[in-house]
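Q: Fold the following, please.
(2 chains)
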Amino acid sequence: MSDQAPSLHRIRLHYTRAKELRYVSTLDMQLVWERTLRRARLPVAFTQGFTPRVRFHMACALPLGFTSTDEVADLWLAGDAGTAEVVEKLNAAAPPGLVVKEAVEIPLSLPALQTRVEYAEYSVLLSEVPDGFDLPASVEKLLRAQSLPRTRREKAYDLRPLIDRLEVVSSTPPELWMRLSAREGATGRADEVLLALGLDPTAARIERTRLVFKED
Amino acid sequence: MRNAEQIERQLDRILLKVQKPGRYVGGELNQVLKPWDEVKTHVALVFPDLYDLGLANLGLAILYDQINARPDALAERAYAPWIDMEAEMRRAGIPLYGLESKTPLAGFDIIGFTLPYESLYTNVLNLLDLAGLPLLSSERDARHPLVIAGGHAAFNPEPMSRFIDALVIGEGEEVIHEIINTHQAWKASGEPREDLWIRLARLPGVYVPCLYEVSYHPDGTLSGIQPTHPAAALPVLKRVVAQLPPPVTRFLVPSIDIVHNRIAIEIMRGCTRGCRFCQAGMVTRPVRERPVDEILTAIDDALLHTGYEEIALLSLSSSDYTNIKGLVEAVSSRYRDQKLTVSLPSLRIESFSVELMEGLRELRPGGGFTIAPEAATERMRQIINKGITSEQLLETVRAIYSHGWLTVKLYFMIGHPEETLDDVQAIVDLCQAVLAEGRRICGGRARVHAGVSTFIPKAHTPFQWVACDSVEQIHAKQDILRKGLRHSSFKLTWVDPAVTMHEAWLSRGDRRIGAVIQRAWQLGAKFDAWQDQFHAETWLRAFADVGLDPDFYSHRMRAQDEVLPWAHISTAVRTTYLKEELRRSQQGILRADCRDHCVACGILPGFNELRMNTPPEAWKCPPVSQVKAR
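A: Predicted structure coming up:
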């Protein structure tokens, strides 16, 4: 950055992560983004320090194996770039599976994106359910429970308060829709909900469809 | 056979059960996915180890680029699945598949393995098996793909000769097209498979093992290697490209973190230094350089296509690149504001190297400054032909520390011919002297890393006749190093002697060793390059089961007139030259860099016509007239 005082801009991006990026971890996704930004030749702002990193923050981690039609991230640019140009350049440089839908300039002063996520919504397509499995009844039973004690990575927690809504969209083919808490430190996982229902998450296609934010 | 869609569906069911599932799905940026039915020839390029290591392999990247540039062919990739994934694949009945289309490997026309080092051999067998193919070339038939291989380890093709139908000796850029053309012509002819072997054998640089017969003396040494068909050349002369083609710039960009995330641009191929232990220096002759402009254009293109943050300028000896100063200056001025890292490996031991690295100050990776003295006494350096003095080394080290590097990494090798324990002690003493310089210049923060590998006499080098140190000798030498470099300012790395022996057997082996590799694989050997997966006992048992003596291959001084297992393979460097070098080594006579004065190694007569048609700035051998004058 040779300019003395480049004007800093904060751009909020909405993007999709299709099946080509299903098996990319959040840490690796940061790298995918950094390289996309480099290829797009946008005037990206870097962090200070010995190993400068691109200033780019994703709202919330997407679990391995999930796709998403609406991820959100903030990007800082050290210089002017129209939001239409940002979308165009990023899409020209994006790897297979990554499509930027929208870019909006937002005030620099807004709080960190990660702290504002409240819920995440998921659409779940089940390729198979066990014979005789009554999906609506199982969902109803799950929602009636006061608590759903579960263990993940050797940590005990209660899944029930993390489920905001859970609905059967269709029985044939079996499809669910759910809204789970996605606050920092209180994140519900769609695959955990499936396990609690007695279903195999590896036989499901889980897609995040929306992130719901607190009002700024 | 399962089809691509079935495999894709099944993969979705198992990938979340394995580590790093992103290794097994393809779909990376710059992947080439061609419609299967629109091309005549389908080639699977296989790196027989993990995706994480194979993706960055430059040889395969070049071939991928070359093949996919043809409208009539496609290249896909496959790597070795890690143990967890292999188990899932075998359980689900998923064969090894091409990452791009998920087509089973058995459905390709040609499978090409790269063999950069010998410890990948059992993985090749495992992958053939996972592809559902018979391991032995002789057991495969017209239903099966042609299985080819190439890479540095193929300069001794015999150990893998029973598994691979045809091996490319030397550089693949041009011959890969000839192989594809030949395969197409053979397929169109409707001739039997034996006809394909003959057609392939006619291609310069292609070795078809089944067209050669090996005979043995009662003592187990070879008595001869004879072609069994007039089309089979003797010797098989390696292929070289006269002028390096423009470098690959559309590198695959993985979506997961791998070992080398970088743009790799080969600035020069070959080396004129003539270190006597160095196989690469002997087999990659002559030296060919790319022009500075071509390198810079390639970096520009590659940055645009990949977004990588690191550039590696590759060669066997960066300092020897003719316009290295100009290149470093241009790279530095062009990229210094882009938050990039540029690495320049294999620098000569002289203060000029420090100036070069200083020129890349804003682009240089963190960490230490690496130089490779290889040996610590003048006597040893004369034996191996590394013409530097300890004073030159210390002077360079002073420059390194003075310019702000706190860590100096020194590469040594133990086990060189005629090395004594005193020579090994000298490595300790030299590291101490280097550290003392560091302390004097930067105080207590100075560090010395000593990476000490163990010498293996490699095929086609002046040392090809000599024996390896015994395991006991290696242990004794490593003990000296461990005792002498205990202080926390040192970091010492060494190679397990069992690993060295394994590499020695496989790199010095003959055709019969193939049975040992096969037996070891049956006993469970795979991923031998991984320390926690390599089991020396498995290999010793395999030798015993097959009835061969491992020491016969590693610990026997071979007579100068012995028929070596690779005698039918020619790198164009003459055997008489290698013998002369061995003699000079024994007499402690250095051989000067051949860049200015031809030493008549054999390359020029071997490739006379090629050389005549190549501009001198691309091919760095001195003019032929000088050869005659000497």
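
Q: So what does the nearest residue to residue B:338 once chain neighbours are set aside have for phi and psi?
A: Excluding its sequence neighbours, the residue lying closest to residue B:338 (CB to CB, 6 or more residues apart in numbering or on different chains) is residue B:303, at 7.8 Å. Where you see a C-beta, it was placed from the backbone N, CA and C, and this is true even at glycine. The phi/psi pair for residue B:303 (degrees, to the nearest 10) reads phi -60, psi -40.

Q: and residue B:303, what pLDDT?
A: In this model, residue B:303 is scored at 97, pLDDT.

Q: My guess is it contacts residue A:35. True?
A: No: the pair residue B:303 / residue A:35 is not scored as a contact, 10.2 Å apart, by CB atoms under 8 Å.

Q: give the contact list for the residue nearest to residue B:338.
A: The contact partners of residue B:303, by CB atoms under 8 Å, 6 or more residues apart in numbering or on different chains, come to A:38, B:263, B:311, B:338, B:340.

Q: before we move on, what about residue B:18?
A: Residue B:18 makes contacts with B:24, B:82, B:84, B:85, B:88, as judged by CB under 8 Å, 6+ apart.

Q: Can you report how many residues neighbour residue 203?
A: Just so you know, I chose chain A. Residues near residue A:203, counting by other CB atoms under 10 Å in any protein chain shown, number 15.

Q: Chain B is the one I meant
A: Neighbours of residue B:203 (other CB under 10 Å): 21.

Q: What is the host helix or strand of residue B:435 packed up against?
A: Taking DSSP states H and E as the criterion, residue B:435 maps to helix B:421-442. Judged by 3 or more CB pairs under 8 Å, 6 or more residues apart in numbering or on different chains; DSSP states H and E, helix B:421-442 is in contact with helix B:378-384, helix B:390-402, strand B:407-414, strand B:447-454, helix B:471-484.

Q: For chain A, find the nearest of those.
A: Closest to chain A of the helices and strands packed on helix B:421-442, according to CB to the nearest CB: strand B:407-414, at 15.6 Å.

Q: near chain A, anything from the closest one?
A: No: figure legend: strand B:407-414 not in contact with chain A (CB under 8 Å from any CB of the partner chain); closest approach 15.6 Å.

Q: Please enumerate residues in contact with that strand?
A: For strand B:407-414, contacts defined as CB under 8 Å, 6+ apart pick out B:277, B:367-376, B:384, B:397, B:400-401, B:424, B:427, B:430-431, B:434, B:438, B:446-455, B:469, B:474, B:477-478, B:481.

Q: redo that, cut-off 7 Å
A: With contact meaning CB atoms under 7 Å, 6 or more residues apart in numbering or on different chains, strand B:407-414 is reached by B:277, B:367-376, B:397, B:400, B:424, B:427, B:431, B:434, B:438, B:447-455, B:477.

Q: roughly how far out does that strand sit from the chain middle?
A: Here strand B:407-414 shows a centroid-to-chain-centroid distance of 20 Å under the convention CA atoms, centre = their mean, to the nearest Å.

Q: and it, which strands flank it?
A: strand B:369-374 (parallel), strand B:447-454 (parallel) (DSSP bridges).

Q: can you list contacts of the helix holding residue B:435?
A: The contact list for helix B:421-442, computed with CB under 7 Å, 6+ apart, reads B:375-377, B:380, B:390, B:394, B:397-398, B:401-402, B:406, B:408, B:410, B:412, B:414, B:446, B:448, B:450, B:452, B:476-477, B:480-481, B:484-485, B:489-490.

Q: Please state the backbone phi and psi of residue B:265?
A: The phi/psi pair for residue B:265 (degrees, to the nearest 10) is phi -120, psi 120.

Q: what does residue A:208 give?
A: The phi and psi values for residue A:208, taken as degrees, to the nearest 10, are phi -80, psi 130.

Q: Which residue, other than its chain neighbours, is closest to it?
A: Distances taken as CB to CB, 6+ apart place residue A:68 nearest to residue A:208, at 4.0 Å, with adjacent residues excluded.

Q: and the one you found, that's in a strand?
A: Yes: under DSSP: H, G, I helix; E, B strand; the rest coil, residue A:68 sits within a strand.

Q: Wait, it touches residue A:59, no?
A: No: contact between residue A:68 and residue A:59 fails when scored by CB atoms under 7 Å: they sit 10.7 Å apart.

Q: residues touching residue A:159, list them.
A: By CB under 7 Å, 6+ apart, residue A:159 lies in contact with A:148, A:150, A:188, A:192, A:193, A:196.

Q: Kindly indicate the member of the residues you listed with the most neighbours.
A: Tallying neighbours with other CB under 10 Å puts residue A:193 at the head of the contacts of residue A:159, with 25 neighbours.

Q: Wait, that one touches residue A:176, no?
A: No: Residue A:193 is beyond contact range of residue A:176, at 8.1 Å (criterion: CB under 7 Å).

Q: Could you tell me which residues touch both of those two?
A: With CB under 7 Å, 6+ apart as the test, residue A:193 and residue A:176 both reach residue A:166.

Q: Neighbours of the closest residue to residue B:174 other than its chain neighbours, how many?
A: Distance criterion CB to CB, 6+ apart; nearest residue to residue B:174, sequence neighbours excluded, is residue B:241 at 5.8 Å. Using other CB under 10 Å, residue B:241 has 17 neighbouring residues.

Q: can you tell me the helix or strand for residue B:241?
A: For residue B:241, there is no host helix or strand (DSSP H and E).

Q: go on, residue A:121?
A: Taking DSSP H and E as the definition, residue A:121 sits inside strand A:117-126.

Q: So for that strand, mean pLDDT?
A: Across strand A:117-126, pLDDT averages out at 97.

Q: That one packs against which elements?
A: Judged by 3 or more CB pairs under 7 Å, 6 or more residues apart in numbering or on different chains; DSSP states H and E, the packing partners of strand A:117-126 are strand A:175-183, helix A:190-197, strand A:204-213.

Q: The second one to strand A:175-183, inter-axis angle?
A: Inter-element angle recorded for helix A:190-197 and strand A:175-183: 120 degrees (by axes from the mean of the first three to the mean of the last three CA atoms, to 10 degrees).

Q: right, is helix A:190-197 up against chain B?
A: No: Helix A:190-197 lies out of reach of chain B by CB under 7 Å from any CB of the partner chain, never closer than 8.5 Å.

Q: Could you do stretch A:138-152 as well?
A: No: if you take CB under 7 Å from any CB as the test, stretch A:138-152 misses chain B, and the best it gets is 14.2 Å.

Q: Okay, buried residues for that stretch please.
A: Of the residues in stretch A:138-152, those buried by neighbour count under the rule 16 or more other CB atoms under 10 Å in any protein chain shown are A:138, A:139, A:142, A:148, A:150.

Q: who touches that stretch?
A: Surrounding stretch A:138-152, the residues in contact under the criterion CB under 7 Å, 6+ apart are A:156, A:157, A:158, A:159, A:160, A:166, A:168, A:192, A:196, A:197, A:198.

Q: what is the first one paired to in the beta sheet?
A: In this case it means residue A:156. Judged by DSSP bridges, the bridge partners of residue A:156 are residue A:151.

Q: how many other residues sit next to it?
A: Neighbours of residue A:156 (other CB under 10 Å): 8.

Q: about what we covered before: which of the contacts of residue B:303 has the weakest pLDDT?
A: Ranked by pLDDT, these bottom out at residue B:338 (86).

Q: What is the neighbour count of that residue?
A: Around residue B:338 there are 11 other residues, counting by other CB under 10 Å.
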